[in-house]
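Chemist: predicted coordinates and the sequence they were generated for:
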Amino acid sequence: MFADTAGLTLLALLLPFAAALAAPLLTRRLGHNAAWVLALVPAFAFVHFLKFLPEIAAGEVVTGGYAWVPSYNLSFSWFLDGLSLTFALLITGIGTLIVLYSGGYMKGHAHQGRFFSFLLLFMGAMLGVVVSDSVLMLFIYWELTSITSFLLIGFDHERERSRRAALQALVVTGGGGLALLAGLILLWNISGVTQLSLLLHTGDIVRASPFYLAALFLILGGAFTKSAQFPFHFWLPNAMEAPTPVSAYLHSATMVKAGVYLLMRLNPVMGETPAWEILLPFFGGITLVVGAVLAVRQTDLKLMLAYTTVASLGLLVMLTGFGSEHAITAAVLYLVAHSLFKGALFMVAGLIDHETGVRDVTKLGGLRRAMPITFVAALFAAISMGGLPPFFGFLAKEEVYAALAHGDPRSVVFSIVAIVGNALMLAIGFAVALKPFLGVKVETPKHAHEGPVLLWLGPLVLALVGLAAALFSGLAHTYVSSPMATAVSGVATVIDISLAPHIGLPLALSALTVALGAVLFLMIDRVRAAVASLLETIGAGPDKGFDICMEALVRFSFRLTRLVQNGRLEFYVTFTFALVALVLIVPPILYGELPDLPVWPADVRFHELTFFAIAIVGLFAVLAAKDRLTAIVSLGIQGFAVAMIFLLFGAPDLSFTQFMVETLSVVILALVMTRLRLSPSDHRPPHQVMLDSTISIACGLGFAMLLLKSTQLPFDPTLTTFFNTYSKVIAHGANVVNVIIVDFRGVDTLGEISVVMITGLSILALIRIRVTGGKA
């Protein structure tokens, strides 16, 4: 459907990458004002995706793309439904504001153009993750987000903490990406499809598969590492070493939600099983509480928000796996609300830091008059984060408790988890929004004043969108929330929650959360001290564990390298050929695939036996040779005899090639040896000679077994027919062997020629070395 929009969709997906290439040049010409031009790229994509809202709201899906490798059913394709469209709008809409915000925040930075480039690369990668229909393209974009986030987190690469945070994020999310790849391959194997749009209809097949649990664990490994679920949560707060625009975009509205997106996308396929409904709520609930508690300990505005992001991601994972319609609805509403208020609060934190030079909440106060617009944006965002009316966060919180307010033990436990987590997040949200602005004005390193429009536009717009979405909740649900919930649940879902709360137990739980959050806010200094004392008692956490694991990995790698890369060429050769022998001999024995013993042919002629005898004599002459030159000549005799055997058995082209190779080998080796000492130099002890002989015989036996087994199998004439048919037609050559070497395998032949040339040059360099006074 919508084939006429395919070109524009492709353009929207590729433009961020093109803009990334142009960003340094534009910044060099326009300075920080390049942000206005670069912001047109995500703005165009936002408007383009916005046009799909009516069709998606009507229950349609939009697919399209271009064939990539048709024989493997791989394509560069996209799939838009309520879930992917909502994410696309968040990525491009918030991305537009972040690009503008970066123009003001990074103004005057020597590498602002590079920063724009990295940011737009990440935007394109994240957009590709959420709209990809091909599972392979999803994985490629997934890993690209890890790479580009590494560049953004480590942007201030001169600082050791930035480098460590970037490496940590790459290791954790990159490792999870490998698990995801294995999981996607398993899903491909189970379902037989490579498109997500088709995979959504194979839920029964996937859930019934004996490989379901293996696929689930691998998928969760990718999702949990990306979305910072316990115990992989530690990388996200450390990523706050990145500039604030990165934190506001990657770590609140986009990258860290990629894992949540994946879980929501696969819910119709892998959900509704005991494993799904146990693992996701369990780890999500732990992450919610751990993130919220750790947030209270912090005084850095960005770290406070970072840990509440960890908590929010835990809440989203918990709701996604809870297994009810209300839980999916709550997850959808909270995801949108969180993107709006957390993006706004991160930008507020950066704005405060930019204009005052301070980010410690205990060293800030009285900024409301100096920064009134920032204060309004922070207050609106905090109200939404606290789940208070009349903001969209209130709708999400009410739906959370509607999903959890049941009498069974499972619901009671997760209700308590939600109350504790949400109350702590309410306290942190208002601490970020109120503490820096209220009270007595505190002197700061910089003279505090309102930032330029590029800095306050983003947080104000996001805060106001959160307000408008709640006031016009009917429209928001029709075009965004309901289609998204339908996509996540796999069945038609209508969301009708408004500013009128759920009466009964959900409202009571909501009121309890607000009351507890208010108390925690008023006592936040004492709560912070208590949490700090508790964590000090507990000791080191996963972050320290990461350092221990990396140090152990480095030590293990060093020792393994010393073992297998000891600098001795004979060790490498011995090890390589021993492994070749094992590979050739052991599997046929284990699997009963040994070849049958050959029968001596009755029609062998005398002259043929003569050349066989010469080859054998040449072989023994090589072994018995007392010096290298004799061994080289003997090896040539053996090779020429084999070439004659090829000729006698009807392979003149192969024989001619063998003659050329043997001639060149003998000549080149002889020339080299004349430049070296040719006296006997075999100083190997007897046990080493025995080992080398055993490996040599094993390799020869292995190759003989392989050739015998190959000749005993039925002959497949497919390639023979192909080359005989097309050598003359396509390559215009009557000599099939020559055509294969020069045309069909031309690149391979070129590679072989290059290897020979490089080897010759290396030998020439070696023999030109002159040893003088014990020094080379």
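Modeler: Good, I have the coordinates.
Chemist: what's the helix or strand where Glu570 lies packed up against?
Modeler: Assigning secondary structure by DSSP states H and E places Glu570 in helix 569-590. For helix 569-590, the packing partners by 3 or more CB pairs under 8 Å, 6 or more residues apart in numbering; DSSP states H and E come out as helix 686-712. No exception for glycine: its C-beta is placed from N, CA and C like everyone else's.
Chemist: the stretch 151-300 of the chain: helices as residue ranges?
Modeler: 160-191, 196-199, 203-208, 212-226, 235-238, 244-250, 258-270, 274-297 (DSSP state H, counting those that start in this stretch).
Chemist: flag every buried residue along the longest one.
Modeler: Just to be clear, that refers to helix 160-191. 162, 164-173, 176-177, 179-184, 186-188, 190-191 (16 or more other CB atoms under 10 Å).
Chemist: before we move on, back to that, what mean pLDDT does the helix holding Glu570 have?
Modeler: Taken as a whole, helix 569-590 has a mean pLDDT of 90.
Chemist: quick one: it to helix 686-712, angle?
Modeler: Taking axes from the mean of the first three to the mean of the last three CA atoms, to 10 degrees, one finds that helix 569-590 is oriented at 40 degrees with respect to helix 686-712.
Chemist: my read: Asn267 touches Ala487, true?
Modeler: No. Contact criterion CB atoms under 8 Å: Asn267 and Ala487 do not qualify, at 9.1 Å.
Chemist: and the nearest residue to Phe391 once chain neighbours are set aside, how far is that from Thr444?
Modeler: The shortest distance from Phe391 to any residue other than its chain neighbours is 3.6 Å, reached at Ser384 (CB to CB, 6 or more residues apart in numbering). Relative to Thr444, Ser384 is positioned 27 Å away (criterion: CB to CB, to the nearest Å).
Chemist: try Ile614
Modeler: To Thr444, Ile614 is 93 Å away according to CB to CB.
Chemist: what's the span of stretch 251-264 from first residue to last?
Modeler: Using CA to CA, to the nearest Å, one end of stretch 251-264 lies 18 Å from the other.
Chemist: any idea of the mean pLDDT in that stretch?
Modeler: Along stretch 251-264, the predicted confidence averages to a pLDDT of 87.
Chemist: low pLDDT regions in the chain?
Modeler: By pLDDT under 70, the low-scoring segments of the chain are 1-4, 72-73, 674-682, 766-767, 769-776.
Chemist: what residue is smack in the middle of it?
Modeler: In the chain, the C-alpha nearest the mean C-alpha coordinate belongs to Glu143, at 2.5 Å (CA atoms, centre = their mean).
Chemist: for the nearest residue to it once chain neighbours are set aside, what are its contacts?
Modeler: Nearest non-adjacent residue to Glu143, counting by CB to CB, 6+ apart: Gly177, 4.9 Å away. Taking CB atoms under 8 Å, 6 or more residues apart in numbering as the criterion, Gly177 is in contact with Phe139, Trp142, Glu143, Ser146, Gly222, Thr225, Lys226.
Chemist: which one (most neighbours) among the residues you listed?
Modeler: The residue in these with the most neighbours, by other CB atoms under 10 Å, is Lys226 (29 neighbours).
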